[in-house]
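Novice: need coordinates for the below:
(one chain, ligands or ions: 1)
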Amino acid sequence: MFSIIRAPFFAISLSLLSAAAYGVPGTIAFTGARIIDGTEMPAIENGVLISIDGRITSVGPAASVTIPDDAEIVDLQGKTIIPGLINTHGHVGQVLGLESGHYDRGNVLRQLALYARYGITMVNSLGDDEYEGFQIRNDLNPYSLNYSRLMVAGPVLAPATIEQAVRAVNGVADQNADFIKIRVDDNLGRTAKMPSEIYQTIADESQERGIPLAVHAYNLEDAKATLAAGADFIAHSVRDQEVDQEFIDALIDNQVCYTPTLTREVSTFVYESEPEFFSDPFFTQEVDAEIMTTLRSPERQTRVRNSETAQHYKNHALPMAMRNLKTLADAGVNVVMGTDSGPAARFQGYFEHLEMRMMVDAGMSPLEVIRSATSVAAQCLGLEELGTLEEGKWADIVVLDRNPLDDIDNTKSLSDVWIAGNRVPRN
Ligand SMILES: [Zn+2]
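Specialist: Alright, predicted model coming up:
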């Protein structure tokens, strides 16, 4: 289906040229599936979705969609499709095995492919992005995508002075970073916290340059203060105390999204013993046995068990994060799926599915969680062409054997992933 006949469908000649150069995906009719389109509409049973050159041109019940004569038919009878999943807080390229400091083009691409095989078709990398990551982001070609789309933030900014803050923001802004990322956290009292005049300067400069500011915070007080300073995205759960109405109002009034990253907390303590997911084929199929062996070592497990911080995250931070998630979701805050996966032992791809499970455990419905990882996430990241299975959007599609509305764990019954009409190769 790499027919040149499809070329006239492109509105602008530039697209036509790249399409011809890379081989366009052609016309595909996905038939027979239950379609959960990422909006609040009920699922379409026995739906048809038409993708032409990577874009959705038509979607609806079988009776209402005409299948073009030249379409390649992908029969999905009995299956369910959802939009490609969006991780609003991930990281790429630094870790190899369990060791950081391996950033290069190959490692970024390898990890984006891993995300894609798990159905994560867009990753917002919130920090530690280097030159190659920006290049990959810049060069993304939708007509040949077989790895996850990428957004980058550059380094996490930690300037010591106002002057450095101005320079740092402008430095990453000049590279067209998608986000500015900062941390306002003293790591349970072990490090210095960024002073308010520094983050206020960063917020002002980011706004001046038109780049959204993502804030890592731990305390309610810091989350509120950075919102007041102009933060655009809250990159972790509030974990020290219950959120209050003032915080809810600030999030809603400023249309700021909040990502819980529950699995970030899990990663701090779960290796104190053998994690349940070590026996999940959906996990083991993509993870080196050697990594699991290292994480299983009794010395390592003892260290985690005896770590005061790990136990604090387990017994205080995570339960508080889950309570706050329920409160914020019920209050109508835009909660979006994000994991902080990418650092060692925060497994890219798998942790996003674990995160969605935990969001349901915290009290969100499976549909709310799917929307938090698709349409709401896209809206929060300003991605108008992603997040739903609607006419005009990119055909980023996750095919599932079972219905995730029945059980969110069914997102793991993943049989195929498509990005812009390209089928992502299986491992
Ligand atoms: Zn992070």
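Novice: so what touches the helix or strand encompassing Ala203?
Specialist: Counting by DSSP states H and E, the secondary-structure element that holds Ala203 is helix 196-209. Counting by CB atoms under 8 Å, 6 or more residues apart in numbering, the neighbours of helix 196-209 from elsewhere in the structure are 157, 159-162, 165-166, 168-170, 173, 180, 182, 184, 212-213, 215, 225-226, 229-232. The way it works is simple: take the backbone N, C-alpha and C, and place the C-beta from them, glycine included.
Novice: ditto for stretch 341-349
Specialist: With contacts defined as CB under 8 Å, 6+ apart, stretch 341-349 is touched by 87, 90-95, 97-100, 111, 114-115, 117-120, 125, 263-264, 267, 271, 283, 286-287, 291, 295, 339-340, 351-352.
Novice: could you tell me which of those count as buried?
Specialist: Applying a neighbour-count criterion of 16 or more other CB atoms under 10 Å, the buried members of the contacts of stretch 341-349 are 87, 90-95, 111, 114-115, 117-120, 125, 263-264, 267, 271, 283, 287, 295, 339-340, 351-352.
Novice: tell me where the model's unsure across the protein.
Specialist: 1-24 (pLDDT under 70).
Novice: and if we set it to 50?
Specialist: Scanning the chain with the threshold set as pLDDT under 50 gives 1-22.
Novice: next secondary structure element downstream of the helix holding Ala203?
Specialist: Following the chain from helix 196-209 toward its C-terminal end, the next helix or strand by DSSP H and E is strand 213-217.
Novice: does that following strand reach the ion?
Specialist: No - counting by CB under 5 Å from the ion, the ion has no neighbours in strand 213-217; the shortest distance is 6.4 Å.
Novice: hang on, Glu45 packs against Arg34?
Specialist: Yes - counting by CB atoms under 8 Å, Glu45 sits close enough to Arg34 to count as a contact (5.5 Å).
Novice: so between the two, which is more surrounded?
Specialist: Counting neighbours by other CB atoms under 10 Å for Glu45 and for Arg34 shows that Arg34 has the greater number, 21 against 12.
Novice: and the more buried one, backbone torsions?
Specialist: Here the main-chain torsion angles of Arg34 (degrees, to the nearest 10) amount to phi -80, psi 130.
Novice: who does the spatially most central residue of the chain bridge with?
Specialist: The centre of the chain sits closest to Asn87, judged by CA atoms, centre = their mean, with a distance of 0.4 Å. On DSSP bridges, the residues paired with Asn87 through beta bridges are Val123.
Novice: ok, it - contacts?
Specialist: Applying CB under 8 Å, 6+ apart, one finds that Asn87 lies in contact with Tyr115, Ile120, Met122, Val123, Asn124, Met337, Gly338, Thr339, Ser341, Glu352, Ala373, Ala377.
Novice: list the contacts for the closest residue to the ion within the stretch 1-150 of the chain?
Specialist: Residue nearest to the ion within the stretch 1-150 of the chain: Leu126 (5.0 Å; CB to the ion). Contact criterion CB under 8 Å, 6+ apart gives His89, Gly90, His91, Ala153, Val156, Phe179, Lys181, Ala214, His216, Ala235, Asp340 as the residues in contact with Leu126.
Novice: strands - which of those residues land there?
Specialist: Secondary structure from DSSP state E places His89, Gly90, Lys181, Ala214, His216 of those in strands.
Novice: got the contact list for the nearest residue to the fourth one once chain neighbours are set aside?
Specialist: Okay, so that is Ala214. Leaving aside its chain neighbours, Ala214 sits nearest to Phe233 (4.1 Å; criterion: CB to CB, 6 or more residues apart in numbering). Contacts were defined as CB under 8 Å, 6+ apart; by that measure Phe233 touches Thr88, Phe179, Pro212, Leu213, Ala214, Val215, Val256, Cys257, Thr259, Cys380.
Novice: same thing with Ile180?
Specialist: Ala153, Gly154, Leu157, Val169, Val172, Ala173, Ile202, Ser206, Ile211, Pro212, Leu213, Ala214.
Novice: confirm that the fourth one sits in a helix.
Specialist: In this case it means Val169. Yes - Val169 forms part of a helix when assessed by DSSP: H, G, I helix; E, B strand; the rest coil.
Novice: sticking with Lys164, tell me its helix or strand.
Specialist: For the record, residue 164 is Gln, not Lys. Using DSSP H and E, Gln164 maps to helix 162-174.
Novice: neighbours of Ala228, how many?
Specialist: Applying the criterion other CB under 10 Å, we find 13 residues in the vicinity of Ala228.
Novice: one more: Glu163?
Specialist: Going by other CB under 10 Å, the residues that sit close to Glu163 add up to 10.
Novice: residues of the stretch 251-400 of the chain that sit close to the ion?
Specialist: Taking CB under 5 Å from the ion as the criterion, the contact residues of the stretch 251-400 of the chain with the ion come out as Asp340.
Novice: the stretch 251-400 of the chain: strands as residue ranges?
Specialist: Taking DSSP state E, counting those that start in this stretch as the criterion, the stretch 251-400 of the chain contains strands spanning 257-258, 397-400.
Novice: make CSV out of those and add mean neighbour count.
Specialist: Rendered in CSV, the data for the strands of the stretch 251-400 of the chain read as follows (neighbours: other CB atoms under 10 Å):
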stretch, mean neighbour count
strand 257-258, 26
strand 397-400, 24
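Novice: can the ones you listed go into CSV with extra columns for distance to Pro61?
Specialist: Formatted as CSV, these follow (distance: least, CB to CB, whole Å):
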stretch, distance to Pro61
strand 257-258, 32
strand 397-400, 17
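Novice: among those strands, which is nearest Glu390?
Specialist: Closest approach to Glu390 among the strands of the stretch 251-400 of the chain (CB to CB): strand 397-400, 12.1 Å.
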